[in-house]
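Asks: Return a 3D structure for these sequence lines:
(chains A and B)
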There are 2 protein chains.
Amino acid sequence: MKPLKIAIAGLGTVGVGVVKILENHKQMIADRTGRAIEIVAVSASNRGRDRGIDISGYDWSDNALDFAGRDDVEIVVELIGGSDGVAAALAQQSLSNGKSFVTANKALIAHHGTALAACAEENDVALRFEASVAGGIPIIKSIGEGLAANRINKVYGILNGTTNYMLTQMEATGKDYGEILEETKLLGYLEADPALDLDGIDAAHKLAILSSVAFGVKTSFDNVYMEGIRRIKLVDIEYARELGYRIKLLGISSLSKAGLEQRVHPCLVPKSAPIAIVDNGFNAVVVDGDPLERTFYEGRGAGEGPTASAVVADIIDIARGHRGPAFFVPVAAMTDAQPISISDRFGPYYIRLHVEEQPGVIADITAALRDEDVSLHVMLQKGSEQDGTVYVVMVTHETQELRVMNALDRIDALSSVIDKPLAIRIENL
Amino acid sequence: MKPLKIAIAGLGTVGVGVVKILENHKQMIADRTGRAIEIVAVSASNRGRDRGIDISGYDWSDNALDFAGRDDVEIVVELIGGSDGVAAALAQQSLSNGKSFVTANKALIAHHGTALAACAEENDVALRFEASVAGGIPIIKSIGEGLAANRINKVYGILNGTTNYMLTQMEATGKDYGEILEETKLLGYLEADPALDLDGIDAAHKLAILSSVAFGVKTSFDNVYMEGIRRIKLVDIEYARELGYRIKLLGISSLSKAGLEQRVHPCLVPKSAPIAIVDNGFNAVVVDGDPLERTFYEGRGAGEGPTASAVVADIIDIARGHRGPAFFVPVAAMTDAQPISISDRFGPYYIRLHVEEQPGVIADITAALRDEDVSLHVMLQKGSEQDGTVYVVMVTHETQELRVMNALDRIDALSSVIDKPLAIRIENL
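Replies: Numbers count the residues shown, from 1 in each chain, chains lettered A, B, ... in the order given. You can find the predicted model right below:
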């Protein structure tokens, strides 16, 4: 069989990793696919940069969009990034010109997944993005194919390695958020725009993709509730531990008759939950389906190896002739799900207040909670800080989010309350 | 597209589960495959038995082998079990007659996997067996497709839910092996032939399959070293815990230049390893590859839901047109790997001795270890039993298995040693 020819747009860490795998494992991959895979062209912003690989054997394009027009290219691999711009144009043009398209670009798929899937279908080519979510775990294939016999109810996980690293390091070293943030920056673990990590945007991109794969709903990134880790203090991690929990930034998506709930935020999870011991740069995803119930996947979240491995798996799949719909159902069968507001979330909450130590404070706080019908399960107050202030930590019974937020607004208005009160959702997974 | 017609041989728990999924999720599956899946015939040993499902709409056969000759059947689903007999004949005849074959039968694939894969290839049909290993995890698809870009070095896991349940319950309840065995029998968790569970045979079947999927080696069940859990006492679980470990029955397979190592036996694994917290009926598999490194999968090991879910996933895959080789490389590319003997295993060991408390015992034991060049890292001896005997527990430094076994033979010959000495391999995963 004649070789499958591909072009790679973007030669950063992942692009270089893809080239390495395709060259180093050439024979193994040919055995596995029955077809040699040949890189014919590459493109990047800087031709001369030393990448530790030899690219002299491939055609060079200054403009990645050239690949969409090359007759000899069967798959365009996009590793540029960004939800719009060149990446989106390359996707659209490649698919329209009858080329399969493989990408690691979560922003692109979260924003334009359904439209691109429709374009792939019309042109009878493949759109694949295994590397866009948790590169070290073949989670998209697992859900869409391995668990295809199941009606999935819920999918959730640790989808951002950088913030998981930061939370792990805060607990391990006893350093506060600011200090760990600086260290993480120095290690180069943060995205060029740190908000993508710290505000949960990156995790939300991935969650929107998982929702579509698991539930067959049209991608709706705009309906993902997002809250990052910027307000987590060391004191929260310590109190959580004392209460039998760890703090993790989770993406949670569930579909029920009430609609589709998609949210990314820090959670208190029981110490004994499998997801609680997923540390540092690892990602993990839990899928709950009928009849399978809970199934759990863990692997490295980012970096050259895992992401490139997922990109090449997609290329191999296409070489093997797998050409199914991008979200495992035809676009015509994808549904618009009613979004559920975060205000309707029902469950227990961890609340941390920083207050001045003076008579009547606790009475005022508990009155605010009572007025919103929020009842307490646990309340902790231990010694005071050197400055005469004190942290008060409470765990509520199960309640509606709106009530908690209203109570916190009342509490925030009290003169003795110093920082804006923080609520962290408790997920008893 | 016309419906895909299947026949199901065997209507035990799993067969009933498959019927339920295909009926209850009919529309969802048709959306996902683009093709309705229709059960046309079933077969079992007792037609009249109440199974809680209505089978009156399907043709009945007293002889499952009839299915291999039916022109209207595209996939034969075998849920009878057993490495030979009807199951093997049905596989051979179905594939030879150009029908795809889906099975949950680990014994069949462990013994005849390569030959059946060759038969499927010759007839250009699919042979699929996702349900044969860890039904609650799509591990075969994950390794063969999701991780296809990787050269796999090692795959290991908890592959038998029943023994994992027993070990978990011993630790949780403080009851000894015999008592937990009786309880497990009453719960109906044991195979009809309990040796399959207790002696590690079931886990070894699964490991042989994983080896072929991960490494592309021909299935060689006869080269799997097997040791079950019958000799594990509560005292071992307690000492292991004290030493920072838990005891798990693992299947471990690795391929290196030296050859293929395949072994099933109880292990001490560090408490903090992800696999150490996989409890009760859950299975877990860890895959280590280049460039992906470690990736971890966990799900229910057995029962109607997980196994049937995996069987139906295979049917869906075939309905989607996936027809690749059973072990993800053509049989012609599968290799014969040199087996590595268990005697060559190199690592630390936990050793438990039960001895009479008398002068000179420890001197004799340590002399035996010294004579075989086995050096000790830890030695524990705590109080004596009511009968004047004592347990002595030791942890060795890394050493060759043959030396340990020779030392234990010497120790076993000592007059003060009561039970046969037990060594458990320590795996610092």
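
Asks: can we go C-alpha only for contacts and neighbour counts from here?
Replies: Noted.

Asks: Can you pull the phi/psi pair for residue A:78?
Replies: Main-chain torsions, residue A:78, degrees, to the nearest 10: phi -110, psi 120.

Asks: For stretch A:253-270, output the C-alpha coordinates as PDB.
Replies: What follows is stretch A:253-270, C-alpha atoms only, in PDB (Å, rounded to 0.1, in the frame of the first residue of the first chain):
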ATOM      1  CA  SER A 253     -20.100  17.500  33.200                       C
ATOM      2  CA  SER A 254     -23.400  15.700  33.600                       C
ATOM      3  CA  LEU A 255     -26.400  15.200  31.500                       C
ATOM      4  CA  SER A 256     -29.800  14.500  33.000                       C
ATOM      5  CA  LYS A 257     -33.400  15.300  32.200                       C
ATOM      6  CA  ALA A 258     -32.900  18.700  33.700                       C
ATOM      7  CA  GLY A 259     -30.200  19.500  31.200                       C
ATOM      8  CA  LEU A 260     -26.500  19.700  30.800                       C
ATOM      9  CA  GLU A 261     -24.300  20.900  33.700                       C
ATOM     10  CA  GLN A 262     -20.700  21.900  32.800                       C
ATOM     11  CA  ARG A 263     -18.500  23.400  35.400                       C
ATOM     12  CA  VAL A 264     -14.800  23.900  36.200                       C
ATOM     13  CA  HIS A 265     -13.900  25.000  39.700                       C
ATOM     14  CA  PRO A 266     -11.900  23.900  42.800                       C
ATOM     15  CA  CYS A 267     -13.500  21.100  44.800                       C
ATOM     16  CA  LEU A 268     -13.000  19.400  48.100                       C
ATOM     17  CA  VAL A 269     -12.900  15.700  47.300                       C
ATOM     18  CA  PRO A 270     -12.700  13.000  49.900                       C
END
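
Asks: Counting neighbours, which bits of it end up buried?
Replies: Within stretch A:253-270, the residues that count as buried by 16 or more other Cα atoms under 10 Å in any protein chain shown are A:253-255, A:260-270.

Asks: Could you dump these into a markdown table with secondary structure, pLDDT and distance to residue B:285 added?
Replies: Formatted as a markdown table, the buried residues of stretch A:253-270 follow (DSSP: H, G, I helix; E, B strand; the rest coil; pLDDT from 0 to 100; distance: Cα to Cα, whole Å):
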| residue | secondary structure | pLDDT | distance to residue B:285 |
| --- | --- | --- | --- |
| A:253 | strand | 98 | 25 |
| A:254 | strand | 98 | 26 |
| A:255 | strand | 97 | 28 |
| A:260 | strand | 98 | 31 |
| A:261 | strand | 97 | 30 |
| A:262 | strand | 98 | 29 |
| A:263 | strand | 98 | 29 |
| A:264 | strand | 98 | 28 |
| A:265 | strand | 98 | 29 |
| A:266 | strand | 98 | 28 |
| A:267 | strand | 98 | 27 |
| A:268 | strand | 98 | 27 |
| A:269 | strand | 98 | 23 |
| A:270 | strand | 97 | 23 |
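
Asks: and the one helix or strand residue A:363 maps to, what does it pack onto?
Replies: Residue A:363 is part of helix A:361-371, with elements assigned from DSSP states H and E. Under the contact criterion of 3 or more Cα pairs under 8 Å, 6 or more residues apart in numbering or on different chains; DSSP states H and E, helix A:361-371 touches helix A:401-412.

Asks: Show the contacting residues for the residue nearest the centre of chain A.
Replies: In chain A, the centroid-proximal residue (Cα atoms, centre = their mean) is residue A:203; its distance is 2.7 Å. Residues in contact with residue A:203 (Cα atoms under 8 Å, 6 or more residues apart in numbering or on different chains) are A:158-160, A:197, A:250-251, A:264.

Asks: Quick one: end-to-end length of stretch A:409-425, please.
Replies: 16 Å (Cα to Cα, to the nearest Å).

Asks: Which positions within that stretch qualify as buried?
Replies: Judged by neighbour count (16+ other Cα under 10 Å), stretch A:409-425 contains these buried residues: A:410-412, A:416-418, A:420-425.

Asks: what residues does that stretch touch?
Replies: Against stretch A:409-425 from outside (Cα under 8 Å, 6+ apart): A:231, A:266-268, A:347-358, A:361, A:364-365, A:368, A:408.

Asks: I'd like to know which of the residues you listed are buried.
Replies: Burial by neighbour count, judged by 16+ other Cα under 10 Å, picks out A:266-268, A:348-357, A:361, A:365, A:368, A:408 from these.

Asks: Looking at stretch A:349-356 now, give me its mean pLDDT.
Replies: Mean per-residue pLDDT for stretch A:349-356: 96.

Asks: can I get the CA coordinates of stretch A:18-29 in PDB?
Replies: What follows is stretch A:18-29, C-alpha atoms only, in PDB (Å, rounded to 0.1, in the frame of the first residue of the first chain):
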ATOM      1  CA  VAL A  18       5.300  13.900  16.700                       C
ATOM      2  CA  VAL A  19       8.300  14.000  14.300                       C
ATOM      3  CA  LYS A  20      10.400  12.000  16.700                       C
ATOM      4  CA  ILE A  21       7.700   9.300  17.200                       C
ATOM      5  CA  LEU A  22       7.100   8.900  13.500                       C
ATOM      6  CA  GLU A  23      10.800   8.600  12.800                       C
ATOM      7  CA  ASN A  24      11.900   6.500  15.700                       C
ATOM      8  CA  HIS A  25       9.000   4.100  15.600                       C
ATOM      9  CA  LYS A  26       8.700   4.100  11.800                       C
ATOM     10  CA  GLN A  27       8.800   0.300  11.300                       C
ATOM     11  CA  MET A  28       6.600  -0.500  14.400                       C
ATOM     12  CA  ILE A  29       3.900   1.900  13.200                       C
END
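
Asks: How about stretch A:243-258 and chain B, touching?
Replies: No - if you take Cα under 8 Å from any Cα of the partner chain as the test, stretch A:243-258 misses chain B, and the best it gets is 14.7 Å.

Asks: Next one: the closest residue to residue A:281 other than its chain neighbours, what pLDDT does it get?
Replies: Nearest residue to residue A:281, sequence neighbours excluded (Cα to Cα, 6 or more residues apart in numbering or on different chains): residue A:161, at 4.2 Å. pLDDT for residue A:161: 96.

Asks: quick one: residue A:161 and residue A:302 touch, right?
Replies: Yes - proximity of residue A:161 to residue A:302 meets the contact threshold set by Cα atoms under 8 Å, at 6.8 Å.

Asks: Now for the two: what residues contact both?
Replies: residue A:281.

Asks: thinking residue A:114 is in contact with residue A:219, fair?
Replies: Yes - the criterion here is Cα under 8 Å, and residue A:114 meets it with residue A:219 at 6.0 Å.

Asks: who's more crowded, these two?
Replies: Neighbour tally, residue A:114 and residue A:219, criterion other Cα atoms under 10 Å in any protein chain shown: the higher count belongs to residue A:219, 27 against 22.

Asks: That one falls within a helix, correct?
Replies: No - counting by DSSP: H, G, I helix; E, B strand; the rest coil, residue A:219 is not found in a helix; it is coil.

Asks: Please report the distance of it from residue A:87.
Replies: 18 Å.

Asks: Could you do residue A:193 as well?
Replies: Distance from residue A:193 to residue A:87, by Cα to Cα: 17 Å.

Asks: neighbour-wise, which of the two wins?
Replies: Shown here are residue A:193 and residue A:87; by other Cα under 10 Å, residue A:87 has more neighbours (23 against 8).

Asks: Many thanks, have a good one.
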